[in-house]
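S.K.: Make a model of this:
(one chain, ligands or ions: 1)
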Amino acid sequence: MCGIVAYVGHRQASDIIIKGLKRLEYRGYDSAGIALLNGGLNVYKKKGKVSELEAFIQGQNLNSPIGMGHTRWATHGEPNDENAHPHYSATKKLAIIHNGIIENYSALKQDLLRKGHRFESETDTEVFIHFIEDIKDNERCSLDEAVRLALTKVIGAYAIVVMSLEDPELLIAARKGSPLVVGVGRNEFFMASDATPIIEYTNEVVYLNDQEIAIVNHGKLTIKNTANLPLTPYVQTVDLELEAIEKGGFEHFMLKEIFEQTKSIRDCMRGRLDSNSGRLTLGGLREYINKLVNADRILIVACGTSWHAGLVAEYFFEEFCRIPVEVEYASEFRYRNPIIREGDVVIAISQSGETADTLAAIELAKSRGAIIFGVCNVVGSSIPRATHAGAYTHAGPEIGVASTKAFTAQLTVLNMIALIVAQKKGTITEQKFHEVLVEMENIPAKVEKALKLNAQIQIIANEFKNATNFIYLGRGYNFPVALEGALKLKEISYIHAEGYPAAEMKHGPIALIDEEMPVVFIATKDASYEKVVSNIQEVKARKGRVISIVTEGDVLIPKMSEFVIEVPATLDPLMPLISVVPLQLLSYHIAVMRGCNVDQPRNLAKSVTVE
Ligand code: G6P
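M.R.: Residues are numbered from 1 along each chain as shown. Here you go, the predicted structure:
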């Protein structure tokens with residue numbers, strides 16, 4: 001979490017940094033700040049969103065060809081002006097921005113306090129820059145050497161940029177565990193948490209690896225590692241269009257991304273799946289596919305919405321491939337000494353490719369000999385680089401904090417993986433394989449049909465916008481969809497919502513049902529349809545307000561429901577791709593009607609790079 005951006009070149013740094021921070025706000029928005037060399041090393045910072053910082057610096061002389069900025073998701077210290085980044089060193093001749101956590105900051109701080117240092121904030125980051133300056137003064141070394149020495153002594157995760165009053169053309173950046181990209185322009189350089197603040201100016205980038213330090217000085221980029229080995233910068237071209245990171249006429253990124261799902265699902269299958277020829281290939285799996293085919297067990301690790309995608313995958317991997325699957329919260333997996341046997345294969349799912357717990361779970365499983373597959377959206381991010389093999393979801397940048405199109409793209413990729421494995425294992429008939437391929441190609445059109453329900457869903461949202469609780473129920477493939485529907489609602493509307501397997505409701509949540517309680521049933525015509533009908537009756541009998549997602553043409557459930565949303569029919573394993581869409585729209589409209597900031601809900605961040 002936290003977004004960082006820095007610039008040195010021939011343009012106004014403040015313009016580039018403010019714009020860049022707005023693009024990185026998905027990473028946190030507790031406070032924002034900027035440092036410039038405009039007649040001194042000046043720091044401007046403010047609690048709240050980047051727009052508040054922008055208002056604060058309005059009208060000031062911000063003339064500077066070098067600068068850096070930060071948008072914060074608070075870890076150490078509450079979100080206020082003092083704890084906002086950048087932070088100064090003791091002499092105020094250095095400043096730092098930081099994404100991550102310095103775990104041994106308390107010990108470092110005690111040492112520095114003993115030496116007479118005084119701190120203005122409660123952050124680990126301020127300790128870090130004091131520490132760097134202390135080393136520089138004691139060792140009488142260059143700033144980049146002091147940064148390097150400091151990095152060998154800190155424990156934790158970081159992406160940092162350091163600026164100096166005395167070196168007006170110098171920016172020093174480093175990373176370990178938190179992402180950092182260096183943009184290489186013509187006589188100008190950019191540094192940022194991802195490429196989105198950069199691509200407007202250049203698509204040539206260098207992704208820093210862990211323990212690497214990038215130094216831009218007098219128009220030249222050099223890279224070395226923390227062991228002081230010089231490295232050759234590996235410049236890559238990023239394939240990212242500016243329009244992909246703009247709202248394109250939609251009121252919010254979340255709405256744009258919900259509506260993009262027809263395209264993103266199609267993009268995800270493009271060149272990989274063709275039902276006419278029966279071709280299904282995922283290039284990134286080829287080398288290791290037999291590990292999956294021969295796996296005794298698949299362990300899926302993920303967080304949040306990606307974990308829900310893993311739960312759906314559990315059903316279809318077991319159905320198609322007959323391989324036992326366990327789906328784990330990465331944060332639990334990594335801390336409970338998990339049993340990993342030969343023959344176990346791990347699949348890590350992550351939109352951002354940067355989630356700290358998922359990354360740590362991968363490292364743990366790797367250290368115990370497991371082969372790891374990644375299913376990620378952000379190309380070049382840390383998780384795909386840490387895995388043995390994998391497939392990108394190709395959903396394009398997802399900026400709304402609540403994940404939507406990444407979820408359906410994850411399901412699409414996971415489905416494709418399961419089908420490839422099932423075919424190789426011989427656990428699926430050719431006829432069924434072909435039937436699923438054909439139906440996967442039909443999914444984008446069916447999602448488009450589901451999106452046409454938008455106006456109807458707005459009416460339902462209006463009816464329930466003042467609810468204080470919601471229950472979401474589904475069975476089989478629609479159970480993880482119930483969890484995801486509930487998560488979407490609570491994330492962005494702050495209404496308490498619970499997802500449950502519909503039958504399990506009897507063992508607790510049914511006590512919550514009264515004439516006020518909205519209960520959303522995902523009750524499409526599948527293997528458990530009749531059972532769900534009984535569950536709806538149970539809710540009706542207790543006067544709950546039933547909203548049902550049903551398959552087009554259903555005549556039974558509408559009679560028992562106050563509101564009905566009809567979605568196109570499909571095969572059971574593919575239904576989550578369609579049935580989740582109305583739930584995304586329902587939460588979106590309820591949140592907008594309640595006046596919530598749907599793209600930047602309180603306390604959340606899109607990319608959780610702290611554990
Ligand atoms: C955060 C986001 C969620 C996301 C989760 C996992 O909590 O707000 O939307 O599902 O992280 O992120 P990942 O990038 O690993 O899928």
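
S.K.: Next to the ligand in this structure, residues from the stretch 301-450 of the chain, please.
M.R.: 303-306, 350-352, 355, 358, 401-403 (CB under 6 Å from any ligand atom). From N, CA and C alone the C-beta is placed, and that goes for glycine too.

S.K.: out of those residues, who has the most neighbours?
M.R.: Using other CB atoms under 10 Å as the contact criterion, the top neighbour count among those goes to residue 350, which has 33 neighbours.

S.K.: List the beta-bridge partners for it.
M.R.: Residue 350 has these beta-bridge partners by DSSP bridges: residue 376.

S.K.: how near is it to residue 367?
M.R.: Residue 350 is 19 Å from residue 367, where distance means CB to CB, to the nearest Å.

S.K.: and if you look at residue 428?
M.R.: 34 Å.

S.K.: So which of the two has more stuff around it?
M.R.: Between residue 428 and residue 367, counting by other CB under 10 Å, residue 428 is the more crowded of the two (21 against 9).

S.K.: What pLDDT is listed against that one?
M.R.: Residue 428 carries a pLDDT score of 97 in this model.

S.K.: Check the one 10 residues further on too.
M.R.: The confidence metric pLDDT takes the value 97 at residue 438.

S.K.: Backbone dihedrals for the residue lying closest to it once chain neighbours are set aside, please?
M.R.: With CB to CB, 6 or more residues apart in numbering as the criterion, residue 438 has its nearest non-adjacent residue at 4.5 Å, and that residue is residue 275. Dihedral angles of residue 275 (phi, psi; degrees, to the nearest 10) stand at phi -70, psi -30.

S.K.: Just list the residues touching residue 56, thanks.
M.R.: Taking CB atoms under 8 Å, 6 or more residues apart in numbering as the criterion, residue 56 is in contact with 44, 46.

S.K.: Run the chain-centre distance for the helix or strand containing it.
M.R.: Element membership for residue 56, per DSSP states H and E: helix 50-57. Distance of helix 50-57 from its chain centroid, counting by CA atoms, centre = their mean, to the nearest Å, is 26 Å.

S.K.: List the buried residues for it?
M.R.: Along helix 50-57, these residues count as buried under the neighbour rule (16 or more other CB atoms under 10 Å): 50, 53-54, 56-57.

S.K.: Name the residue of the stretch 401-550 of the chain with the shortest distance to the ligand.
M.R.: Checking the stretch 401-550 of the chain residue by residue against the ligand with CB to the nearest ligand atom singles out residue 403 as nearest, at 3.9 Å.

S.K.: Next, that residue: phi, psi?
M.R.: Per-residue torsions, residue 403: phi -80, psi 130 (degrees, to the nearest 10).

S.K.: Look up phi and psi at the nearest residue to residue 380 once chain neighbours are set aside.
M.R.: In space, residue 380 comes closest to residue 207 once its chain neighbours are excluded; the distance is 5.3 Å by CB to CB, 6+ apart. Taking degrees, to the nearest 10, you get phi -90, psi 120 for the backbone angles of residue 207.

S.K.: where do the helices sit along the stretch 251-400 of the chain?
M.R.: In the stretch 251-400 of the chain, helices defined by DSSP state H, counting those that start in this stretch lie at 253-259, 261-269, 289-293, 304-316, 330-333, 356-367, 382-386, listed in chain order.
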